[in-house]
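Asker: Kindly return the folded structure for what I paste below:
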Amino acid sequence: MKLLLISSSPRKAKSHTFLLAKEVLRGCNIKKTESEIIHLCDLKIEFCHHCEACHKKILACSIRDDVNWVLKKMLDADGIILASPNYINQVSGSMKTFFDRSSHFIHCKRLLDKYVTGVVSSGSGQDKNVLDYIEYYAHTCGAQYSGGVSSAAYAVKDKLEDAYQLGKKLVQDIKEKRVFADQMKIIKAGREHFKRIMQSRKDDWKKEYEFWQDKGWL
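Answerer: From the prediction side, this is the model:
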């Protein structure tokens with residue numbers, strides 16, 4: 001089992017966000033589990049140019065930076081922990097920029113059969129909208145959402161047990177290949193939406209169209 005933690009706090013290991021996320025990862029600690037931590041602030045990730053190269057040729061991009069390296073790590077993982085501070089009721093800019101660069105994952109539901117958890121911290125502790133957005137992102141990419149944990153910065157220590165239990169749940173969901181029926185309805189509806197788009201753009205997005213053909217989704 002492989003787990004990937006992607007954190008977008010510029011304060012890295014000193015951040016309240018990472019303190020919570022690390023506890024989720026600790027809760028995942030079982031035998032035969034590999035884990036990796038990525039801090040987005042260590043990487044070069046530019047804004048999407050909307051060149052559509054990643055749709056014409058899978059995981060191609062006109063921008064030469066670190067995004068594809070991270071995307072391939074996600075493809076190799078069974079469970080993904082997405083951790084971000086809450087800046088004005090949204091994930092941090094670096095996390096949003098990264099999400100924007102993963103549109104191929106949305107078109108082709110590349111995270112199917114994977115599980116995502118969300119971790120958020122903020123000054124206010126009013127983080128539901130941000131966790132909901134992380135769940136939304138997971139579903140658009142095809143992943144099921146095992147849950148999230150959040151906390152006001154001043155109360156993080158009170159949420160460590162919740163974070164630890166979330167990690168245990170994430171691992172259990174992966175081991176059992178748990179199916180959340182309501183979530184799968186959302187994921188399947190999203191795939192039907194993109195099926196129509198793929199059929200209309202098949203001459204423009206040839207490699208993604210071929211991907212859909214290979215999957216038997218058309």
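
Asker: and Lys32, backbone torsions?
Answerer: phi 70, psi 30 (degrees, to the nearest 10).

Asker: same thing with Phe99?
Answerer: According to degrees, to the nearest 10, Phe99 has phi -60, psi -40.

Asker: Was I right to think it contacts Tyr136?
Answerer: No. With contact defined as CB atoms under 8 Å, Phe99 does not count as touching Tyr136 (10.2 Å). Glycine gets a C-beta too; all of them are placed from N, C-alpha and C.

Asker: So which of those two has more stuff around it?
Answerer: Neighbours per residue (other CB atoms under 10 Å) separate Phe99 from Tyr136, with Phe99 holding more: 21 against 12.

Asker: could you list every residue that touches that one?
Answerer: 91, 137 (CB atoms under 8 Å, 6 or more residues apart in numbering).

Asker: Straight-line length of stretch 53-64, end to end?
Answerer: 12 Å (CA to CA, to the nearest Å).

Asker: Stretch 120-137 too?
Answerer: Start-to-end, stretch 120-137 (CA to CA) is 14 Å.

Asker: residues of that stretch that come out buried?
Answerer: 120-122, 125, 127, 130-131, 133-135, 137 (16 or more other CB atoms under 10 Å).

Asker: from these, which single one is nearest Arg201?
Answerer: Tyr137 (22.0 Å; CB to CB).

Asker: Now do the closest one against Tyr115, distance only.
Answerer: In this view, Tyr137 and Tyr115 are 13 Å apart by CB to CB, to the nearest Å.

Asker: again, but for Ser9
Answerer: On the measure of CB to CB, Ser9 and Tyr115 end up 22 Å apart.

Asker: Other residues contacting the longest helix that the chain contains?
Answerer: Longest helix in the chain by number of residues (criterion: DSSP state H): helix 181-200. Residues outside helix 181-200 that contact it (CB under 8 Å, 6+ apart): 106-109, 112, 139-140, 142, 144-145, 205, 208-209, 212, 217-218.
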